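Participant: Predicted model and sequence follow; I will ask about them next.
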Amino acid sequence: MVVTGTPKLLRELNARLIIDTIREAGNLSRAEVARQLGLSAPTVSLIIEQLLSKGILQETGTGDSSGGRRPILLALNPNYRYVAGVDLGKQEIGIALGNLNGDLIGETTLTFTHGEAGESVINRVAGAIKDLCRAKSIDSQLLAAIALAVPGVYDPATGLVKMVARSFDWEGLRPEKAFQAHFTAPVIVKNDVNTAALGEFWRGQGRGINNLAYISVGLGIGAGIILNGQLLEGCRGAAGEIGFMALGAEALQATYRQYGHLETIASTAAVVEQARRVVTTGKPGLLLGLCRGEISRLDFRLVCQAASLGDEDARELLERMAGWVGLAVANLQQVLDVELIVVGGEVLAAGEIFLTKLRETVSAIISQSPQILFSSLQEKTGLFGTFAVALDYVYDNLF
């Protein structure tokens with residue numbers, strides 16, 4: 001195919017092809033780049049010299065000789081620019097810096113109070129990114145993109161985050177605009193579960209798999225879906241909101257309209273509420289002992305700890321949770337037919353008790369159940385996903 005256009009456009013297109021080819025290979029010589037792309041040696045050499053002078057590429061040594069001089073190898077300069085990722089989908093916010101290889105070169109965390117205003121959170125996160133840059137001797141002007149994973153549905157048309165998770169007070173906030181008050185770098189906003197799915201696809205259990213779903217179970221319940229190697233977001237960015245999946249006729253009741261039927265009955269918050277009701281009855285058991293009789297001390301991790309130590313009430317609560325989530329996963333699988341289901345979020349603390357019941361439930365409904373695994377990246381799934389989002393933007397807009 002012959003590509004036509006202005007000389008400037010053709011140079012930029014060829015430069016992008018050269019960068020992508022070298023990036024994918026890791027190291028290549030000029031001659032090998034020209035051979036793979038079918039471009040003339042003088043064209044490749046001219047563009048590579050320009051990329052070297054800008055610092056986008058770097059020479060990394062010499063390769064094996066095929067009879068003449070040993071060829072000089074070229075690689076992407078990972079420190080030409082940097083990206084920042086922010087995972088706002090947890091009570092403890094993850095913040096990280098990465099280079100153009102996606103290597104994590106610095107990270108920190110922030111906590112926020114329940115219901116803290118989104119603008120306040122954004123201001124503190126922006127400060128933390130600047131602190132990280134200073135600690136790593138990086139000029140924040142070298143940030144090429146900042147990716148935010150937000151706990152709600154992001155509407156790119158309005159810049160608003162809708163259907164915000166219950167722990168946030170973000171209604172009416174435009175996070176992209178709020179961040180641009182602090183940085184010149186472009187800000188890309190994605191749903192946190194979608195971002196986590198990209199993290200697993202890029203660096204986690206989903207490497208090499210083009211069709212998968214990431215199921216996040218915590219204060220909220222949602223799915224990130226990768227089909228044919230592409231993130232499925234839907235026309236309004238709300239694809240995968242399985243927390244609103246109706247799993248029975250009672251789902252029509254007004255009780256379930258705010259957070260959704262599945263999320264109301266099977267989130268970690270729901271399990272804690274159910275466990276506290278058990279403790280309130282004064283029934284003897286590990287739940288009562290672990291919280292030392294103080295109901296307010298009982299959280300999801302204590303429920304998981306009690307279950308792992310053999311408490312029947314705690315185990316039953318986790319298995320009931322897994323059963324409900326299993327129904328939702330089975331329904332999702334019947335529609336999508338993915339190869340892999342990855343489960344992450346707070347529910348990782350429940351371990352095999354949850355995973356075994358989840359698999360049993362799905363297998364009871366689907367004759368050929370997909371592989372179901374816990375996340376291998378765990379709490380860093382979202383951060384790696386933000387790197388994937390930011391790097392895609394950087395390489396698409398490098399010129």
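Facilitator: Looks like it came in fine.

Participant: okay, CA-based contacts and neighbour counts for the rest of this
Facilitator: Noted.

Participant: I'd guessed residue 263 sits against residue 243; true?
Facilitator: Yes. Under the criterion of C-alpha atoms under 8 Å, residue 263 makes contact with residue 243 at 4.5 Å.

Participant: Who has more neighbours out of those two?
Facilitator: Applying other C-alpha atoms under 10 Å to residue 263 and residue 243 shows that residue 263 carries more neighbours, namely 26 against 23.

Participant: What does the more buried one show for phi and psi?
Facilitator: Residue 263 has phi and psi values of phi -60, psi -40 when expressed as degrees, to the nearest 10.

Participant: any idea how far it is from residue 255?
Facilitator: Shown here: residue 263 relative to residue 255, a distance of 11 Å by C-alpha to C-alpha, to the nearest Å.

Participant: Sheet-wise, list the partners of the helix or strand of the chain with the lowest mean pLDDT with their directions.
Facilitator: Least confident helix or strand of the chain, by mean pLDDT, DSSP states H and E, is strand 160-162 with a mean of 78. Partners of strand 160-162 in the sheet, by DSSP bridges, are strand 153-155 (antiparallel).

Participant: And the average pLDDT for the strand it pairs with is what?
Facilitator: In this model, strand 153-155 has a mean pLDDT of 81.

Participant: Give me the distance between that strand and the centre of its chain.
Facilitator: Taking C-alpha atoms, centre = their mean, to the nearest Å, one finds strand 153-155 lying 15 Å from the centre of the chain it belongs to.

Participant: And the longest helix seen in the chain, what does it pack against?
Facilitator: In the chain, taking DSSP state H as the definition, the longest helix is helix 312-336. Here helix 312-336 touches helix 261-266, helix 268-280, helix 300-308, helix 351-365, going by 3 or more C-alpha pairs under 8 Å, 6 or more residues apart in numbering; DSSP states H and E.

Participant: Quick check: mean pLDDT of it?
Facilitator: For helix 312-336, the mean pLDDT works out to 96.

Participant: That helix versus helix 351-365: what angle between them?
Facilitator: 50 degrees (axes from the mean of the first three to the mean of the last three C-alpha atoms, to 10 degrees).

Participant: Where do the helices of the protein begin and end?
Facilitator: Going by DSSP H, the chain shows helices at 7-25, 30-37, 41-54, 118-135, 175-180, 192-203, 261-266, 268-280, 286-290, 300-308, 312-336, 351-365, 381-396.

Participant: show me where pLDDT drops low in the stretch 51-200 of the chain?
Facilitator: Counting by pLDDT under 70, the ranges of the stretch 51-200 of the chain that qualify are 65-68, 114-115, 163-171.

Participant: any idea where the strands of it begin and end?
Facilitator: Using DSSP state E, counting those that start in this stretch, the strands of the stretch 51-200 of the chain run over residues 57-62, 72-76, 82-87, 92-99, 104-111, 143-150, 153-155, 160-162, 187-191.

Participant: Among the ones you listed, which comes closest to residue 7?
Facilitator: The closest of the strands of the stretch 51-200 of the chain to residue 7 is strand 57-62. By C-alpha to C-alpha, the value is 21.6 Å.

Participant: And for that closest one, what's in contact with it?
Facilitator: 27, 48, 51-52, 70-77 (C-alpha atoms under 8 Å, 6 or more residues apart in numbering).

Participant: Can you list the strands that that strand pairs with?
Facilitator: Strand pairing (DSSP bridges) places strand 57-62 next to strand 72-76 (antiparallel).

Participant: Show me where the stretch 251-399 of the chain dips below the pLDDT cut-off.
Facilitator: 399.

Participant: Kindly calculate the angle that the longest helix of the chain makes with helix 268-280.
Facilitator: 160 degrees.

Participant: contacting residues for residue 180?
Facilitator: The contact partners of residue 180, by C-alpha under 8 Å, 6+ apart, come to 186-187.

Participant: That one and residue 332, how far apart?
Facilitator: Per C-alpha to C-alpha, residue 180 is found 37 Å from residue 332.

Participant: Now render the helices and strands packed on helix 312-336 as JSON lines, adding distance to residue 154.
Facilitator: JSON lines is the format used below for the helices and strands packed on helix 312-336 (distance: least, C-alpha to C-alpha, whole Å):
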{"stretch": "helix 261-266", "distance to residue 154": "19"}
{"stretch": "helix 268-280", "distance to residue 154": "23"}
{"stretch": "helix 300-308", "distance to residue 154": "28"}
{"stretch": "helix 351-365", "distance to residue 154": "29"}
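
Participant: can you tell me which of those helices comes nearest to residue 126?
Facilitator: With C-alpha to C-alpha, the closest approach to residue 126 among the helices and strands packed on helix 312-336 belongs to helix 268-280: 29.1 Å.

Participant: would you put the C-alpha positions of that closest one in PDB?
Facilitator: C-alpha atoms of helix 268-280 as PDB (Å, rounded to 0.1, in the frame of the first residue of the first chain):
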ATOM      1  CA  THR A 268     -17.700  -6.300  51.100                       C
ATOM      2  CA  ALA A 269     -19.800  -3.700  52.900                       C
ATOM      3  CA  ALA A 270     -22.800  -5.900  52.700                       C
ATOM      4  CA  VAL A 271     -20.900  -8.900  54.200                       C
ATOM      5  CA  VAL A 272     -19.600  -6.700  57.000                       C
ATOM      6  CA  GLU A 273     -23.100  -5.500  57.800                       C
ATOM      7  CA  GLN A 274     -24.300  -9.100  57.800                       C
ATOM      8  CA  ALA A 275     -21.500 -10.200  60.100                       C
ATOM      9  CA  ARG A 276     -22.300  -7.300  62.500                       C
ATOM     10  CA  ARG A 277     -25.800  -8.600  62.700                       C
ATOM     11  CA  VAL A 278     -24.500 -12.000  63.700                       C
ATOM     12  CA  VAL A 279     -22.300 -10.400  66.400                       C
ATOM     13  CA  THR A 280     -25.300  -8.300  67.700                       C
END
